[in-house]
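Undergrad: Sequence first, predicted coordinates after that:
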Amino acid sequence: MEGNDLGSLTRIEVIRNGTLAKTFNAPAKGAELSFDDIMDKEGQVHYVVAPYNEHGKGVETLLSTWVGMGKPGPAPEPAIARTEKDGEVHLTWKPITFDNRGIAINPAKVTYNIYRIQAESAST
């Protein structure tokens with residue numbers, strides 16, 4: 001905290017939802033560390049990153065994120081146009097690139113269903 005050398009790191013633990021997910025043993029100071037955390041279901045995930053040195057456990061860092069694909073967001077720039085054929089229309093929109101949480105998604109994984117809804121006529 002005062003600019004002093006922290007000494008050596010003996011390990012860094014990454015805990016996911018209360019379970020040890022990864023231990024980095026004797027990481028180099030300033031090294032960028034990463035690992036693939038393969039999840040079997042989607043949902044909110046909470047991580048705790050805890051460094052250790054010869055004096056014990058240091059200050060934890062807490063991270064939370066959503067894992068998985070949320071519901072696709074609304075189709076951007078929808079448009080409808082009549083065609084030359086009676087009763088036919090042409091629908092267009094830009095690819096959906098974000099889910100309902102604003103997280104980027106692969107547009108190739110989004111499918112679309114288009115339904116024709118019969119309007120009810122109002123009776124007087």
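TA: Ah, there it is. Numbering: from 1, shown residues only.
Undergrad: Next SSE downstream of the longest strand anywhere in the chain?
TA: When the chain is parsed with DSSP state E, its longest strand is strand 43-53. With elements assigned by DSSP states H and E, the helix or strand that comes after strand 43-53 is strand 56-57.
Undergrad: Averaged pLDDT, that following strand. What do you get?
TA: In this model, strand 56-57 has an average pLDDT of 94.
Undergrad: Adjacent strands (with direction) for the helix or strand following it?
TA: Note on strand 56-57: by DSSP H and E, the next helix or strand toward the C-terminus is strand 61-67. Strand 61-67 sits in its sheet next to strand 43-53 (antiparallel), going by DSSP bridges.
Undergrad: residues in contact with the partner strand?
TA: 6-17, 21, 39, 57-68 (C-beta atoms under 8 Å, 6 or more residues apart in numbering). To be clear about C-beta, it is placed using only N, CA and C from the backbone, and glycine gets the same treatment.
Undergrad: Next, the buried residues of it.
TA: 45, 47, 48, 49, 50, 51 (16 or more other C-beta atoms under 10 Å).
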